[in-house]
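Colleague: sequence and predicted structure below; questions after.
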Amino acid sequence: MLECWRRACLNVFVGHQPLLYKQFSTSACRYALPKTAIRMEEYPCDVIRNFSIIAHIDHGKSTLADRLLEFTGTIDKKEKGNQQVLDKLKVERERGITVKAQTASMIYPYKGTKYLFNLIDTPGHVDFAWEVSRSLAACQGALLLVDATQGVQAQSISVFHIAKERGLTIIPVLNKIDMPAADPERVAAQIQSTFGIDPNDVLQISAKTGKGVDKVLEAILTRISPPKANEDDPLKAFLFDSSYDRYRGVISLLSIQGGVLRKGDKIASCHTRKKYEVTELGIMYPEEVPTTSLRPGQVGYIACNMKESSEAHIGDTLHRVGSAVEPMPGFKPAKAMVYAGVYPVDSNDFVKLEESIKRLTLTDRSVEVMRESSTALGQGCRLGFLGTLHMDVFRQRLEDEYNANVIITAPTVPFKVVYKDNKTVIISNPVDFPDTVDSSGRVKEVQEPVVSATIIVPEEYLGEMMDLCYTHRAEEMDHRYLDTSGTSARVILTCILPLSEVVTNFFDKLKSRSSGFASFDYEDAGYRPSKLSKMIFLLNGKPVDALALIIHRSAEQEVGRAWVKKLHKVIPRQLFEVPIQAAVGKRIIARETLSAMRADVTAGLYGGHYERKLKHLVNQKESKKRMKKFGNVDLPQEAFYDILSTKS
Ligand SMILES: Nc1nc2c(ncn2[C@@H]2O[C@H](COP(=O)(O)OP(=O)(O)OP(=O)(O)O)[C@@H](O)[C@H]2O)c(=O)[nH]1
């Protein structure tokens, strides 16, 4: 009954046809809608606080976000259940990670005044650092959350610096103080030595039990300054995120820097110069709740008949038609760190797959898409991702949200080939890499992307970590102590690592060799010359393009052998013998032979004459010879799925 009431209420409130209920049904109805319409004019700049929660992965951002929504009465604890409100995607709930920054507004009554808090939750994993910097652009302050059991970790440092560079007020918060292993004094001392923050300014909370969360709300109010914006200024709205709704088109998230935005307003983009009319606007409470206006300093969403997601340029400034404004500085575009080919398992499904990818990239704007084709796998797309977790999350979203069944080729980083005439080409598909770099004579050098890596680890694992980094071709290794108090000192290890080493199983090794204690972060550090080779795999003498790899020369033998073994395990036996070879240029690096499947041609011959059996076996041998000569290896698309999804 309650559900029906909400359903009706939502449709009336939003003012759309009942059909629209579908798109809200999964999330919006879990929470109470505000009893009375929110009047945005009651919230001038001085009662607004725009903030974000930044932290290392799993330090409790989403849990704290939920608790803040509960404490301010924005959501009802009972209705919410155990699920995290701002982790809306299935993949986020299954994996317990945030991959998409979310925005939520809440109203906080304090000493007789109502304040409007706008929270922007951010993802913690290094792959999604782009989302973090984007979210921070709409804020004046950030809660820096540090797990009181784990202390300062690699991403705590990187997100602190991003927030500092943007000039945000940082409120340090120690979380998980309810846990027996929590050591708040020690971690507060670490925060002091790493960030120069006075331990007296550090709040201590348990986002899980709610202890100390009231102090966080108070600190947001008293320590973070309100946004500076003026109602009388010309309309200036900063577009910091967008999503796609199949009925209303692009939904943009805006931070209003000046003027007032209302439904029906005619607006234009500084970036594309295209004009739109605002058809709907409102705040995220925590789902979309329409309002009559968005005013200076406020953060909210708009729909304005934008059809293509590419029109919503992240970092764009929107203004009123006829009153141009100075655009705000935008963002550095997201940079793809790894590329992979994505193909349908059934090659007839390409059109459907391409459409699904297109739709998914409307909500995940950081993915680069190009068409490509492969002789082995048919038509597909080459996609650029921010990292391998991002790639995996995208694949899972394709499967979850679009029912796609895909094969993803081995990830490769973008290599640079510098030719002797100084022409430089970025190669994101191993197939396009020059075969023989030395003898072709045209190539001056090849370069690979490198990252500046930071590892934080207890002192006793320092040797293990150094060894791991060296085996992954680390350069410029250095270390210093983060803290020396307590039982175990912790060390920050920094080095330059090739990105191609990081995107394989470096992270898994790091975790296992440090018993899970090491944390890792990295940032782009440009390109460096490298000795790289293109490795191809031959089945029965024929190269299989979808399996080509670019690897460092020192790893040729190891990788060649491992892949050949893997292929041997996965490729179905044929009626003839199949040599499986790994080759670099003309050199064969490794070989395995897939023995022929011997069909028992004599099976039906019970008893009988020996010569009769022999005749059948001779015939079979002849026919196998023909197949070997004319036939090709019969490799079903599913075999690629197995090959590419099995770890060597
Ligand atoms: N005991 C205890 N557990 C907590 C507390 N806060 C969070 N957790 C748990 O820590 C885990 C990670 O919490 P999340 O809120 O998902 O962490 P997150 O920082 O949002 O994670 P990402 O978005 O993936 O970076 C979950 O299992 C939470 O239940 C706390 O105060 N006490």
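Modeller: Sure thing, it's come through. Numbers count the residues shown, from 1 in each chain.
Colleague: all contacts plus neighbour counts: C-alpha atoms, from now on.
Modeller: Noted.
Colleague: which residue, neighbours along the chain excluded, lies closest to Glu288?
Modeller: Gly282 (6.5 Å; CA to CA, 6 or more residues apart in numbering).
Colleague: ok, now Pro498?
Modeller: Distances taken as CA to CA, 6+ apart place Val450 nearest to Pro498, at 4.2 Å, with adjacent residues excluded.
Colleague: enumerate every residue touching that neighbour.
Modeller: 496-499, 524-528 (CA atoms under 8 Å, 6 or more residues apart in numbering).
Colleague: count of neighbours near the residue nearest to Glu288?
Modeller: 24 (other CA atoms under 10 Å).
Colleague: same question for Thr388.
Modeller: 20.
Colleague: again with the one 3 residues further on
Modeller: For Met391, the neighbour count with other CA under 10 Å is 21.
Colleague: now Glu558: how far from Arg473?
Modeller: Distance of Glu558 to Arg473, computed by CA to CA, to the nearest Å: 15 Å.
Colleague: the more surrounded of these two?
Modeller: The residue with more neighbours, out of Glu558 and Arg473, is Arg473; 15 against 11, by other CA under 10 Å.
Colleague: surely the more buried one is in a strand?
Modeller: No - Arg473: not assigned to a strand; according to DSSP: H, G, I helix; E, B strand; the rest coil it is coil.
Colleague: just use 740 as the starting number from now, easier for me
Modeller: In the new numbering, first residue 740, that becomes Arg1212.
Colleague: which phi and psi does the nearest residue to it once chain neighbours are set aside have?
Modeller: Nearest residue to Arg1212, sequence neighbours excluded (CA to CA, 6+ apart): Leu1236, at 6.5 Å. Backbone torsions for Leu1236, taken as degrees, to the nearest 10, come to phi -120, psi 140.
Colleague: the stretch 990-1139 of the chain: strands as residue ranges?
Modeller: For the stretch 990-1139 of the chain, the strands defined by DSSP state E, counting those that start in this stretch cover 1000-1001, 1005-1008, 1014-1016, 1019-1023, 1027-1029, 1032-1033, 1038-1042, 1056-1059, 1077-1083, 1107-1113, 1117-1124.
Colleague: which of those sits closest to Val1145?
Modeller: strand 1077-1083 (4.5 Å; CA to CA).
Colleague: just want the angle from the closest one to strand 1117-1124.
Modeller: Note on geometry: by axes from the mean of the first three to the mean of the last three CA atoms, to 10 degrees, strand 1077-1083 and strand 1117-1124 are set 150 degrees apart in direction.
Colleague: avg pLDDT for strand 1077-1083?
Modeller: Mean pLDDT, computed over strand 1077-1083, is 89.
Colleague: likewise stretch 914-921?
Modeller: If you average the pLDDT over stretch 914-921, you get 95.
Colleague: do stretch 1173-1187 as well
Modeller: Averaged over stretch 1173-1187, pLDDT sits at 75.
Colleague: okay, now the unreliable bits of the stretch 790-939 of the chain?
Modeller: Applying pLDDT under 70 to the stretch 790-939 of the chain flags the ranges 816-840, 860, 862-872.
Colleague: that should have said the stretch 1240-1387 of the chain, apologies.
Modeller: In the stretch 1240-1387 of the chain, residues with pLDDT under 70: 1337-1387.
Colleague: picking up where we left off before, the strands of the stretch 990-1139 of the chain into a markdown table, with extra columns for distance to Pro1311?
Modeller: Shown next, in a markdown table, are the strands of the stretch 990-1139 of the chain (distance: least, CA to CA, whole Å):
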| stretch | distance to Pro1311 |
| --- | --- |
| strand 1000-1001 | 63 |
| strand 1005-1008 | 56 |
| strand 1014-1016 | 57 |
| strand 1019-1023 | 53 |
| strand 1027-1029 | 52 |
| strand 1032-1033 | 62 |
| strand 1038-1042 | 52 |
| strand 1056-1059 | 56 |
| strand 1077-1083 | 20 |
| strand 1107-1113 | 21 |
| strand 1117-1124 | 20 |
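Colleague: closest to Pro1318 out of these?
Modeller: In terms of CA to CA, the element of those nearest to Pro1318 is strand 1107-1113, at 21.5 Å.
Colleague: angle of that closest one against strand 1117-1124?
Modeller: Using the same axes, to 10 degrees: strand 1107-1113 against strand 1117-1124 is 150 degrees.
Colleague: list the buried residues for strand 1107-1113?
Modeller: Of the residues in strand 1107-1113, 1107-1108, 1112 count as buried by neighbour count, 16 or more other CA atoms under 10 Å.
Colleague: any chance of those in CSV, with distance to Lys1074 and pLDDT too?
Modeller: Output for those, formatted as CSV (distance: CA to CA, whole Å; pLDDT from 0 to 100):
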residue, distance to Lys1074, pLDDT
Glu1107, 9, 88
Val1108, 12, 91
Ser1112, 23, 85
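Colleague: and the stretch 890-1039 of the chain, which residues reach the ligand?
Modeller: When proximity is defined by CA under 6 Å from any ligand atom, the stretch 890-1039 of the chain lies next to the ligand at 914-915, 917-918, 945-947.
Colleague: go with 5 Å
Modeller: Within the stretch 890-1039 of the chain, the residues that sit near the ligand (CA under 5 Å from any ligand atom) are 915, 945-947.
Colleague: neighbour-wise, which one of the residues you listed leads?
Modeller: Greatest neighbour count in those, by other CA under 10 Å, goes to Lys915: 26 neighbours.
Colleague: right, and it touches Ala946 too?
Modeller: Yes - assessed by CA atoms under 8 Å, Lys915 is found in contact with Ala946 at 6.6 Å.
Colleague: between the two, which contacts overlap?
Modeller: Here Lys915 and Ala946 have Gly799 as joint contacts, going by CA under 8 Å, 6+ apart.
Colleague: quick revisit: got a list of what the residue nearest to Glu1027 touches?
Modeller: Neighbours of Gly1021 in contact, by CA under 8 Å, 6+ apart: 1027-1033, 1039-1041.
Colleague: columns neighbour count on top of these, output as JSON lines?
Modeller: As requested, these are exported to JSON lines (neighbours: other CA atoms under 10 Å):
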{"residue": "Glu1027", "neighbour count": "19"}
{"residue": "Val1028", "neighbour count": "21"}
{"residue": "Pro1029", "neighbour count": "22"}
{"residue": "Thr1030", "neighbour count": "20"}
{"residue": "Thr1031", "neighbour count": "16"}
{"residue": "Ser1032", "neighbour count": "19"}
{"residue": "Leu1033", "neighbour count": "28"}
{"residue": "Gly1039", "neighbour count": "26"}
{"residue": "Tyr1040", "neighbour count": "25"}
{"residue": "Ile1041", "neighbour count": "24"}
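Colleague: where is pLDDT lowest across those?
Modeller: Ranking the contacts of Gly1021 by pLDDT, Glu1027 lands last with 86.
Colleague: before we move on, back to that, the ligand: which of the buried residues of strand 1107-1113 is nearest?
Modeller: Nearest to the ligand among the buried residues of strand 1107-1113, counting by CA to the nearest ligand atom, is Glu1107 at 23.3 Å.
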